[in-house]
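Asker: Fold the following for me, if possible:
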Amino acid sequence: MMNIGNLQINGKVMLAPMAGITSSGYREFMSSFGVALCVTEMVSDMGIIYGNEETKSYIDFDAIANCPTGVQLFGHDPENMKKAAEMVLKANPNIAFLDVNMGCPVPKVTKTGAGSALMQNPKLCGDIIRAIKSVTDKPVTAKIRLGWDNDYLNYFEVIEELEKAGVAMIGIHARSRKELYMGKPHFDLLKDLRKKMSVPLAISGNIYTLEDAINAINITGADLVMVARGGMGNPILIKQINQYYENKEILPSPTFDEQINYCLELADFLIKEKGERKAMMVYRSIAPKFFMGFPNAKTLRNRLAQELTSKNNLIQIINTYRQEQNI
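Answerer: Now for the predicted structure:
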């Protein structure tokens with residue numbers, strides 16, 4: 001157990017936001033595996049202020065038992081971020097905390113001065129946290145990177161500004177903005193970082209296996225690991241991490257049949273949320289990942305990526321593969 005502000009958190013895994021993936025249905029499905037903390041897809045402060053319908057849909061969700069859910073805002077102006085925070089909190093009482101994206105490396109975000117561009121101005125990072133905290137008693141957290149590029153790794157300067165501003169938790173992706181998602185994360189640069197911090201630390205970057213999580217936590221001392229792409233099609237990873245830190249038990253990898261069940265279960269969540277056709281279009285990028293690592297499954301993954309139109313179609317593709325492989 002740990003606290004993030006006034007929130008009690010039970011578990012070692014935070015579900016990281018992924019654009020187009022971590023919708024409310026996806027979050028609800030993943031929470032059943034023991035996710036301790038969820039956050040929405042990135043939400044534009046100006047999209048909220050101007051009433052963009054798609055942006056508003058990101059903040060429309062129900063509370064999930066045992067998994068506090070926050071809204072992740074991005075922007076660069078403290079007053080606009082404060083105004084957007086007020087609006088989202090008024091729109092949905094189920095919001096448990098607010099998270100500020102100071103780590104997104106994508107050019108369409110950074111060119112506006114948001115995301116990891118904020119790290120070029122540590123004081124502004126603190127000012128944004130102060131502005132949001134002025135309108136809510138709920139925890140305000142932040143997600144950062146190591147720095148703008150490998151010649152300017154100023155993460156600790158940013159951390160100090162965020163802590164002075166009253167941030168409740170900091171998540172760090174162990175790469176610079178310039179590295180995007182390429183190469184190995186630099187956990188070595190964050191050795192024993194938690195000991196130097198006054199607030200909880202969540203660590204992010206290539207958490208694909210239990211060993212990855214253990215390594216990241218051992219090096220940095222982080223309270224939580226943030227699971228993103230590593231959890232897509234591999235939800236048991238959440239349970240494996242939690243179980244290890246509860247009693248050192250190492251859970252086995254799931255069987256093919258278990259993966260089928262998980263795949264069909266998530267499909268139901270997404271269909272309920274989005275409607276069948278739209279859900280299956282999204283699922284073309286998720287369903288194949290349930291069958292990574294199984295022998296002779298490339299054809300199955302390709303068909304799922306190209307042909308999904310309905311749940312019946314999903315079942316048919318899987319059953320055809322099973323017949324061909326005599327599984």
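Asker: what's the distance between L201 and R194?
Answerer: Counting by C-beta to C-beta, to the nearest Å, the separation of L201 from R194 is 5 Å. All C-beta spots, glycine's among them, are computed from the backbone N, C-alpha and C.
Asker: shared neighbours of these two, anything?
Answerer: Residues within reach of L201 and of R194 at once, by C-beta atoms under 8 Å, 6 or more residues apart in numbering, are T220, G221, A222, D223.
Asker: In contact with the third one, which residues are there?
Answerer: In other words, A222. With C-beta under 8 Å, 6+ apart, A222 has these contacts: L193, R194, L201, A202, I203, A216.
Asker: give me that answer again for 7 Å
Answerer: Counting by C-beta atoms under 7 Å, 6 or more residues apart in numbering, A222 touches R194, L201, A202, I203, A216.
Asker: could you point out the longest strand in this protein?
Answerer: strand 37-44 (DSSP state E).
Asker: how about it as CSV, C-alpha atoms only?
Answerer: Output in CSV follows, covering the C-alpha atoms of strand 37-44 (Å, rounded to 0.1, in the frame of the first residue of the first chain):
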residue,chain,number,x,y,z
LEU,A,37,-3.7,3.4,-11.2
CYS,A,38,-5.1,4.3,-14.6
VAL,A,39,-4.9,7.5,-16.7
THR,A,40,-6.8,8.5,-19.8
GLU,A,41,-5.4,9.1,-23.2
MET,A,42,-3.8,12.6,-23.5
VAL,A,43,-6.5,15.3,-23.3
SER,A,44,-5.8,18.7,-24.9
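Asker: about what we covered before: just the contacts of A222 now: which is nearest G147?
Answerer: Closest approach to G147 among the contacts of A222 (C-beta to C-beta): I203, at 15.9 Å.
Asker: Let me see the ranges of the helices in the stretch 151-300 of the chain.
Answerer: All helices of the stretch 151-300 of the chain, identified by DSSP state H, counting those that start in this stretch, fall at 155-165, 210-220, 236-247, 256-274, 276-283, 298-307.
Asker: ok, now which ones touch S204?
Answerer: Per C-beta under 7 Å, 6+ apart, neighbours of S204: A16, G171, I172, H173, A174, M226, A228.
Asker: do the same with L314
Answerer: A267, A287, L308.
Asker: can you pull the buried residues of the helix or strand where it lies?
Answerer: Using DSSP states H and E, L314 falls within helix 311-325. For helix 311-325, a neighbour-count test (16 or more other C-beta atoms under 10 Å) marks K311, L314, I317, I318, Y321 as buried.
Asker: Same check on stretch 199-209?
Answerer: Buried-residue list, stretch 199-209, by 16+ other C-beta under 10 Å: V199, P200, L201, A202, I203, S204, G205, N206, I207.
Asker: now the second one: how far from C263?
Answerer: I take that to be P200. Relative to C263, P200 is positioned 33 Å away (criterion: C-beta to C-beta).
Asker: And for the fifth one?
Answerer: The spacing between I203 and C263, counted by C-beta to C-beta, is 28 Å.
Asker: With mean neighbour count, mean pLDDT and distance to W148 as added columns, please give the helices of the stretch 151-300 of the chain in JSON lines.
Answerer: Formatted as JSON lines, these follow (neighbours: other C-beta atoms under 10 Å; pLDDT from 0 to 100; distance: least, C-beta to C-beta, whole Å):
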{"stretch": "helix 155-165", "mean neighbour count": "19", "mean pLDDT": "98", "distance to W148": "10"}
{"stretch": "helix 210-220", "mean neighbour count": "19", "mean pLDDT": "98", "distance to W148": "21"}
{"stretch": "helix 236-247", "mean neighbour count": "19", "mean pLDDT": "97", "distance to W148": "30"}
{"stretch": "helix 256-274", "mean neighbour count": "18", "mean pLDDT": "97", "distance to W148": "36"}
{"stretch": "helix 276-283", "mean neighbour count": "17", "mean pLDDT": "96", "distance to W148": "32"}
{"stretch": "helix 298-307", "mean neighbour count": "16", "mean pLDDT": "95", "distance to W148": "35"}
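Asker: T255: which of the shared contacts of L201 and R194 is nearest?
Answerer: Using C-beta to C-beta, the shared contacts of L201 and R194 come closest to T255 at A222, 30.8 Å.
Asker: what about this structure, any weak spots by pLDDT?
Answerer: The model of the chain has no residue with pLDDT under 70.
Asker: where do the strands sit along it?
Answerer: Counting by DSSP E, the strands of the chain are 2-4, 7-9, 13-15, 37-44, 69-74, 97-101, 140-145, 170-173, 201-204, 224-227.
Asker: now the ones you listed as TSV including distance to K83?
Answerer: Below are these laid out as TSV (distance: least, C-beta to C-beta, whole Å):
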stretch	distance to K83
strand 2-4	24
strand 7-9	24
strand 13-15	26
strand 37-44	12
strand 69-74	11
strand 97-101	13
strand 140-145	15
strand 170-173	24
strand 201-204	27
strand 224-227	27
